[in-house]
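In: Fold the following and give me the result.
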Amino acid sequence: MAAFPEAEAPSPKIYIPEEWSEAADAIAYDSVTSPPPVALVCGAKNCGKTTFSRHLLNVLLQRYQKVAYLDTDVGQTEFTPPGFLALTVIDQLTPDLTIPCLKTPDRCYFFGDISSKRDPKAYLKYIFALYDHYRREYFMLKDSKNPVKVELPLVVNTPGWVKGIGYEILVDVLKYIGPTHVVKINISAEAKNLPAGTFWLDEDHEEPVNLIEISSARQDSFKRSVLVQKDARLLRDLRIMAYFRQCFPSNSNITTIKELANALASHPPYEIPISSIKIKHLHCQIPSTEILYSLNATIVGLAVSSEDSENLPPCVGLGIVRGIDTFKHLLYVLTPVPQSSLEKVDLLLHGFIQIPTCLLQVQGCISPYMSTNVLPSS
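Out: Numbers count the residues shown, from 1 in each chain. The predicted structure is shown next:
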């Protein structure tokens, strides 16, 4: 029987090369002046960006009490379920870099897909909004009249799509954020690497930037990079299952996928009046007569409508639309989001993040379609 969430075999202990340690130390202890460093990590797929980013987090946490982490890889998220762009404030070291861990973001947006390909403009808009939030809350400008309570260093992890439109997106992110340090991880297949030097800067750029180029830690006996092909879909499914496992107390006896599927199927859902929410489909158009049908048995982003000029609704988490009662005009939603946060939700975002197939194939699940947790319509 498949176990959960230990379905993935534990990875061997990660070796951090001396080159990586020196790079992280150079960023963390480069200067004693304010503001703290803003480091962006980039490189081809499977070169070790996430591992280095988490190592850098640990090094920074030895100097700073908290570190901000901006995750822009919607397909392989670090602290949230897939499909999110998020700014998370980290305050604890991660001893084992191989273990994924979910954390509540400081702010996040539901992009609703595992790649930026469908809507690069919206993708960039969310990233820019998250960085602006970081600047307002955790980064004090030189001439600021309203200093923030605490200045935090920032680590920006990026996806491995670095060719074509992916390259153009990365350049736009680099130009907008203007990091103090850029870590570029190279692999032995030079054709897959990013261009040499400060490829994102214009010729007349004058602001100093520290470019640190390191090699992938995965090497064979000839010191050639060896790309380890990760099962990206499995990792996403595990992250989604770990997220919805939070619907239940940590001491609940749920150790297999079948037990999780049965627990979710029998868990009392929240009732949400259809009249109290708006529904938005991301990256596609659905006929008005099919909107409710398209939501049934899907994962949705639980968002709060925004009144700012950009109209970017912050998200409080994910939910599974367990069922729809068209006669009572109710949606039945399963979510680990606490009711105090859920009461603010007035917008459901439907994208392409799917319920793991293994949860849908379990036989004998009977849902009561009854709820003891009812949200008011007002």
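In: just the helices in the protein please.
Out: Here the chain has its helices, by DSSP state H, at 18-28, 49-61, 120-138, 165-177, 232-245, 257-266, 291-295, 339-342, 357-360.
In: Tell me which of these is the most buried.
Out: Burial of the helices of the chain is given as mean neighbour count (mean count of other Cβ atoms under 10 Å); helix 49-61 ranks first at a mean of 23. The C-beta positions use only the backbone N, C-alpha and C, and glycine is treated the same way.
In: pLDDT of that one, averaged?
Out: The pLDDT scores in helix 49-61 average 94.
In: Disregarding flanking residues, what is the spatial nearest neighbour of I177?
Out: Leaving out its chain neighbours, the residue that sits closest to I177 by Cβ to Cβ, 6 or more residues apart in numbering is Y131, at 5.5 Å.
In: okay but the one you found is in contact with L70, surely?
Out: Yes. Y131 lies in contact with L70 (Cβ atoms under 8 Å); the separation is 6.6 Å.
In: Name the residues contacting each of these two.
Out: L87 (Cβ atoms under 8 Å, 6 or more residues apart in numbering).
In: still on that earlier bit, what residues are up against the residue nearest to I177?
Out: The contact partners of Y131, taken as Cβ under 8 Å, 6+ apart, are L70, L87, Y176, I177.
In: from these, which two are the most distant?
Out: The distance between the two most remote of these (Cβ to Cβ) is 14.3 Å, for L87 and Y176.
In: mind putting the helices of the chain in JSON lines, distance to T80 included?
Out: Formatted as JSON lines, the helices of the chain follow (distance: least, Cβ to Cβ, whole Å):
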{"stretch": "helix 18-28", "distance to T80": "23"}
{"stretch": "helix 49-61", "distance to T80": "13"}
{"stretch": "helix 120-138", "distance to T80": "12"}
{"stretch": "helix 165-177", "distance to T80": "18"}
{"stretch": "helix 232-245", "distance to T80": "8"}
{"stretch": "helix 257-266", "distance to T80": "19"}
{"stretch": "helix 291-295", "distance to T80": "21"}
{"stretch": "helix 339-342", "distance to T80": "15"}
{"stretch": "helix 357-360", "distance to T80": "19"}
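In: For G75, find the nearest of those helices.
Out: helix 232-245 (6.4 Å).
In: circling back to that earlier point, closest to R135 among the contacts of Y131?
Out: I177 (9.5 Å).
In: Reformat the contacts of Y131 as CSV; add pLDDT and distance to I185.
Out: Below are the contacts of Y131 laid out as CSV (pLDDT from 0 to 100; distance: Cβ to Cβ, whole Å):
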residue, pLDDT, distance to I185
L70, 98, 17
L87, 98, 22
Y176, 96, 21
I177, 96, 18
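In: Dump those to a markdown table, plus distance to A242.
Out: Output for the contacts of Y131, formatted as a markdown table (distance: Cβ to Cβ, whole Å):
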| residue | distance to A242 |
| --- | --- |
| L70 | 21 |
| L87 | 20 |
| Y176 | 32 |
| I177 | 29 |
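In: Of all the helices of the chain, which one is nearest S306?
Out: Per Cβ to Cβ, nearest to S306 of the helices of the chain: helix 120-138, 9.5 Å.
In: now the closest one, how far from the centre of its chain.
Out: 13 Å (Cα atoms, centre = their mean, to the nearest Å).
In: what's the answer for stretch 188-199, then?
Out: Distance, centroid of stretch 188-199 to centroid of chain: 26 Å (Cα atoms, centre = their mean).
In: Okay, buried residues for it please.
Out: By neighbour count with 16 or more other Cβ atoms under 10 Å, stretch 188-199 contains the buried residues S188, K192, N193, L194.
In: got it, and stretch 347-360?
Out: By 16+ other Cβ under 10 Å, the buried positions in stretch 347-360 come out as L347, L348, L349, H350, G351, F352, I353, Q354, I355, P356, C358, L359.
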